[in-house]
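Enquirer: My questions concern the predicted model and sequence given below.
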Amino acid sequence: MITCFTGAVLVFEDELEMWTNPSQYWVENQGQPLPIDTLVSSLQSEYPKASITSLKAYTDPERSVELSGKGLPGKAYINPYTGKILSFYNYRDTIFYTNFALHRWMLGGDTGKLIVGIATVIFLFILITGIVLWWPRNKQILKNRLKIKTDGNWKRLNHDLHIVVGFYTAILLFIFAFTGLAWSFSWVNDGIYWVTNTTQERTKAPESNYYELAETIGFDATLVSAKNELKDITYPFLSISMPSDSVGAIRAQYLPDDAAHVRDYGYIYLDQYTAEPVGKTSFSDYNLGRKVRTLFYPVHVGSIFGLPGRVIAFIVCLLGTTFPITGTIMWINRLRKKKKSKLV
């Protein structure tokens, strides 16, 4: 019940965060934004020990700029036109992280993660056996089990809410639960690559052409080069990650507007000294095992079918929270019925 409820919240977590704190994400369009390097310098003037390592810039002129790195109180949201710091954000300090931690490991670390995994396996077993018990012996029973009898007593209504609604949601709940196992058990991930006969090893990322006394480029030069590479592609944001050493390449991440799903990211790798492209990769370049594993998330949250899929996932997860309640009531009613029959 807890996993289903927290899962329903997670489906629209981004929208809920933006709705509860709009001033962090939205700004007034004032024309030409300041250079990113200017924003970085302004931030570092207030936090001299800060080392800015990543940037997220949106194509929407009314979105704030996100800067992250070491030495900051959290991720910095900055007005791109004034350089004003709108807020610092730490996901772990929010109610949304608590909801996420409840969903994944019940706030109990590795032990909680195991509990969630075992509960999910049991839930899958209940869904399968529930369909077996639901399966009608004739057409009349089938007809009764496909609709809720609204004019019956409360026991019949509770029965139908469990049996009828349970049938309509069982397949999707099974899919959501099954894909969720990938975050609880390593053997599920290993099984994906075993079934697809592929390796989990990833291709080594491209490197920069390092030479002594070379000076690294800033975010603005990186954005210019990345945008030039993506001139024929539309996308909502560019996320830039600077390398952690002198030979790594800058990584520019984007999600095309026509992406097949929310994990259909594209990556461009740029030389950190010249901003020249040194490599590209995307979802289509993955081996079959990694493609299947990557698809687990959009399938798990329903976003594989866009907004309609997320709405359906949200509703199904909310309904999933009711089945332990209606099932327990049915169980108690049967115990009482058995007790009365023994007394008679």
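Expert: That came through, no problem. Numbers count the residues shown, from 1 in each chain.

Enquirer: switch to C-alpha atoms for all contacts and neighbour counts from now on
Expert: Will do.

Enquirer: quick one: the helices in the stretch 51-200 of the chain?
Expert: Secondary structure of the stretch 51-200 of the chain (DSSP state H, counting those that start in this stretch): helices at 95-105, 109-134, 139-144, 154-180, 186-195.

Enquirer: could the ones you listed go into CSV alongside mean neighbour count and mean pLDDT?
Expert: Below are the helices of the stretch 51-200 of the chain laid out as CSV (neighbours: other C-alpha atoms under 10 Å; pLDDT from 0 to 100):
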stretch, mean neighbour count, mean pLDDT
helix 95-105, 18, 97
helix 109-134, 16, 95
helix 139-144, 11, 84
helix 154-180, 18, 94
helix 186-195, 15, 95
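
Enquirer: between these, which one is nearest to Pro206?
Expert: helix 186-195 (24.1 Å; C-alpha to C-alpha).

Enquirer: a markdown table please, covering the helices of the stretch 51-200 of the chain and showing distance to Leu318.
Expert: Output for the helices of the stretch 51-200 of the chain, formatted as a markdown table (distance: least, C-alpha to C-alpha, whole Å):
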| stretch | distance to Leu318 |
| --- | --- |
| helix 95-105 | 14 |
| helix 109-134 | 15 |
| helix 139-144 | 24 |
| helix 154-180 | 11 |
| helix 186-195 | 26 |
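
Enquirer: Let me see the contact set for Tyr25.
Expert: Counting by C-alpha atoms under 8 Å, 6 or more residues apart in numbering, Tyr25 makes contact with 18, 63-64, 77.

Enquirer: so what's it scoring on pLDDT?
Expert: Model confidence at Tyr25, expressed as pLDDT, equals 97.

Enquirer: gap between Asn79 and Val247?
Expert: Distance of Asn79 to Val247, given as C-alpha to C-alpha, to the nearest Å: 32 Å.

Enquirer: Phe5 too?
Expert: Taken as C-alpha to C-alpha, the span from Phe5 to Val247 is 45 Å.

Enquirer: These two: which is more packed in?
Expert: Phe5 (20 against 16; other C-alpha atoms under 10 Å).

Enquirer: Now find how far off-centre the strand or helix carrying the more buried one is within its chain.
Expert: Element membership of Phe5, judged by DSSP states H and E, is helix 2-11. Taking C-alpha atoms, centre = their mean, to the nearest Å, the mean C-alpha location of helix 2-11 is offset from the chain mean by 12 Å.

Enquirer: do stretch 301-320 as well
Expert: 13 Å.

Enquirer: Give me the buried subset of the contacts of Tyr25.
Expert: 63-64, 77 (16 or more other C-alpha atoms under 10 Å).

Enquirer: any chance of these in a markdown table, plus distance to Thr294 and pLDDT?
Expert: Output for these, formatted as a markdown table (distance: C-alpha to C-alpha, whole Å; pLDDT from 0 to 100):
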| residue | distance to Thr294 | pLDDT |
| --- | --- | --- |
| Arg63 | 28 | 98 |
| Ser64 | 28 | 98 |
| Tyr77 | 29 | 98 |
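
Enquirer: returning to that earlier point: nearest to Arg145, of the contacts of Tyr25?
Expert: Out of the contacts of Tyr25, the member with the shortest distance to Arg145 (by C-alpha to C-alpha) is Met18, at 41.2 Å.
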